[in-house]
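> Test case, fold it:
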Amino acid sequence: MKIHNPILSGFHPDPSICKVKDTYYLANSTFEWFPGVELSYSKDLCTWRPLPSPLQRKTQLDMTGCEPSCGIWAPCLSYDGKLFYLIYTNVRTWNRGPWKDTPNFLVTAEKIEGPWSEPVYLNSSGFDPSLFHDTDGKKYLVNMEWDYRWEKERNFSGILLQEYDPVKKRPVGAVKKIFTGTDIGFVEGPHIFKRNGYYYLLTAEGCTFYNHAASIARSKNIEGPYEIHPCNPLISSRGDDMLAIQKAGHASLCDYKDGLWALVFLCGRPLPGTTRCVLGRETSLALVKWQDDWPYVVHCDGSVANTPEPCVITDNDESEVLHNGSRHYDFKDESFYEDFKYLRTVDNRDFFKLKSGGGLEIRGGESPCSTFHKALLARRQTDFSFTAVTKLHFEPESFQHMAGLAYYYDENLHYYFAVTKDEKKGRCLVITSMDAGVFSKTPALSIPEKDVYLKLEVEYAKGSFSYSLDNKEWVTVLKDFDASILSDDYFKDSFTGAFIGMMCTDTAARTKRADFLFFDYAV
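Below is the predicted model:
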């Protein structure tokens with residue numbers, strides 16, 4: 001079977017893989033998007049299906065007011081034969097000088113579908129926590145250590161290890177620094193696993209952009225010292241801008257079959273001729289073989305290399321699996337929540353209500369730049385080229401009432417194609433945008449008092465907004481705008497990806513409602 005990378009397209013960073021019997025499970029970061037942590041499962045490493053998110057209650061996760069790219073970082077999913085363990089960071093401060101506030105938490109469940117427990121607080125010494133279940137029954141917490149001191153050459157000062165007591169539900173004993181990384185630097189994303197008497201420490205290095213890498217070291221003692229792989233890194237795209245799969249790093253390993261292991265890793269696919277990844281950081285797959293108790297990435301031709309490939313051949317079956325990402329959402333039930341997310345808190349789900357017979361009512365929330373109570377429901381952009389269409393029924397009474405399509409990265413980077421009301425133009429269309437925090441708005445375009453179809457067309461780095469009154473004759477409102485700005489690589493160091501969705505804004509009273517009759521995403 002030929003599996004095309006990435007196996008999870010669009011915003012799916014920081015993969016953690018866990019195998020239970022014949023099923024593979026993946027956990028991915030969600031940052032400020034809610035519910036928290038994306039879970040998926042597969043029987044063949046190829047076809048991945050969504051599972052309910054584990055962090056759905058306000059008592060488990062409340063990110064109200066958190067800054068863009070804060071929230072859930074780098075979850076780790078594991079299983080000890082009785083319970084699933086999910087460990088994660090809820091980042092509350094970052095990108096403010098050297099400071100980071102990084103509380104780490106743990107939830108458990110008997111079944112992957114839940115219910116998941118209330119969170120147990122672990123520590124705040126750094127981010128990217130992971131839990132290792134040793135063969136002697138002991139459990140160990142590892143995470144990177146964040147050193148805020150400016151005089152340090154690197155804030156990523158090493159990997160910390162501490163025993164975890166599942167009865168007391170807290171870390172116990174001394175904290176020990178077991179690894180300070182390789183010459184690549186910026187060590188983070190630790191995972192420990194055991195094979196043939198060796199403890200293996202898999203880490204991410206090089207930061208999560210174009211110098212990213214996954215490094216691996218081993219030791220006979222869990223506390224070290226750790227010997228670095230003779231051909232480190234295990235996988236990376238650094239230094240080769242011709243590779244289709246870039247940013248390879250932040251990886252996780254599990255047993256596959258026939259002596260091979262499966263390596264999932266973070267990656268990015270830049271728009272042609274640019275370094276901008278509008279799809280965000282995605283999840284790709286490689287196969288690993290063992291030689292002299294060291295893992296090596298195996299390419300499709302059987303050669304060993306530490307670079308990613310666009311596809312993986314998992315067995316002798318010559319079938320090829322291609323996924324069509326087109327979806328039609330009629331909002332007749334809540335199945336759309338498998339694809340759509342909202343921001344920061346479960347409280348914001350109250351903005352969305354199914355209509356009898358189909359359609360979605362959205363009550364107006366705060367402005368597009370609010371980090372508190374914004375009524376945005378959106379799905380990942382998973383393709384470089386796509387068309388999104390919705391039908392909108394909306395009767396605005398003032399300029400403070402807006403509803404329409406949102407093409408969204410975060411509060412600093414987005415486009416909002418909306419129906420509103422103007423004192424002179426009456427009911428009209430406007431496009432507001434934020435470009436690196438700078439606001440702009442198109443002139444108001446009058447439209448009749450009737451339902452309107454709104455369309456977003458994106459072809460790689462270019463996008464266009466248009467409207468129609470009958471879904472046949474279309475009028476372009478904004479052509480060839482720059483879609484590439486909605487990327488990790490354009491403004492600051494950000495970590496999510498482009499989303500497309502529906503938004504309603506009522507900055508006067510948060511009571512005005514808009515009806516979205518359907519939403520189409522076509523590729």
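
> What about the residue nearest to residue 154 when sequence neighbours are not counted, how many residues nearby?
The shortest distance from residue 154 to any non-neighbouring residue, by C-beta to C-beta, 6 or more residues apart in numbering, is to residue 185 (5.8 Å). Glycine gets a C-beta too; all of them are placed from N, C-alpha and C. Using other C-beta atoms under 10 Å, residue 185 has 15 neighbouring residues.

> Could you measure from residue 185 over to residue 277?
Here the criterion is C-beta to C-beta, to the nearest Å. By it, residue 185 lies 22 Å from residue 277.

> host element of the residue nearest to residue 390 when sequence neighbours are not counted?
Setting aside the residues directly before and after it, residue 390 is nearest to residue 519 in space (C-beta to C-beta, 6+ apart), at 4.8 Å. Assigned by DSSP states H and E, residue 519 belongs to strand 513-522.

> okay, that strand in CSV with CA atoms only?
Extracted C-alpha coordinates of strand 513-522, given in CSV (Å, rounded to 0.1, in the frame of the first residue of the first chain):
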residue,chain,number,x,y,z
ARG,A,513,-28.3,36.2,14.9
ALA,A,514,-27.3,34.9,11.4
ASP,A,515,-28.4,31.7,9.7
PHE,A,516,-26.0,29.7,7.6
LEU,A,517,-28.0,27.2,5.5
PHE,A,518,-25.0,25.1,4.4
PHE,A,519,-21.2,25.2,4.1
ASP,A,520,-19.3,23.5,1.3
TYR,A,521,-15.5,22.8,1.1
ALA,A,522,-14.6,21.6,-2.3
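
> Check which helices and strands that strand is in contact with.
Contact here means 3 or more C-beta pairs under 8 Å, 6 or more residues apart in numbering; DSSP states H and E; on that basis strand 513-522 packs against strand 327-329, strand 360-363, strand 385-393, strand 499-506.

> coming back round to it: residue contacts, the residue nearest to residue 390?
Contacts for residue 519 (C-beta atoms under 8 Å, 6 or more residues apart in numbering) come out as 328, 329, 331, 336, 360, 388, 389, 390, 501, 502.

> what's the pLDDT at residue 317?
pLDDT for residue 317: 66.

> now, among the contacts of residue 519, which is nearest to residue 245?
residue 388 (25.9 Å; C-beta to C-beta).

> For the stretch 101-250 of the chain, give me the ranges with low pLDDT.
For the stretch 101-250 of the chain, the stretches with pLDDT under 70 are 151-153.

> about what we covered before: tell me how far the residue nearest to residue 390 lies from residue 280.
20 Å.

> Equivalent analysis for residue 115, please.
Distance, residue 115 to residue 280, by C-beta to C-beta: 29 Å.

> Between those two, which is the more surrounded one?
Neighbours per residue, other C-beta under 10 Å: of residue 115 and residue 280, the larger number sits with residue 280, 27 against 12.

> That one: what secondary structure?
coil (DSSP: H, G, I helix; E, B strand; the rest coil).

> same question, residue 201
With three-state DSSP as the basis, residue 201 sits in strand.

> Could you count how many residues lie near it?
27.

> How about residue 169?
Residue 169: 13 neighbours (other C-beta under 10 Å).

> Contacts only, for the residue nearest to it when sequence neighbours are not counted.
Leaving aside its sequence neighbours, residue 169 sits nearest to residue 120 (C-beta to C-beta, 6+ apart; 4.9 Å). Shown in contact with residue 120 (C-beta under 8 Å, 6+ apart): 105, 106, 107, 169, 170.

> Repeat that for residue 176.
Counting by C-beta under 8 Å, 6+ apart, residue 176 has contacts 160, 161, 162, 223.

> Give the PyMOL command for selecting the buried subset of those.
Buried members of those, defined by 16 or more other C-beta atoms under 10 Å, are picked up in PyMOL with:
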select buried, resi 160+161+162
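
> Out of the contacts of residue 176, which sit inside strands?
160, 161, 162 (DSSP state E).

> Dig out what the last one forms beta bridges with.
In this structure, residue 162 bridges to residue 141 when assessed by DSSP bridges.

> What's the separation between it and residue 226?
For residue 162 relative to residue 226 (C-beta to C-beta), the value is 16 Å.
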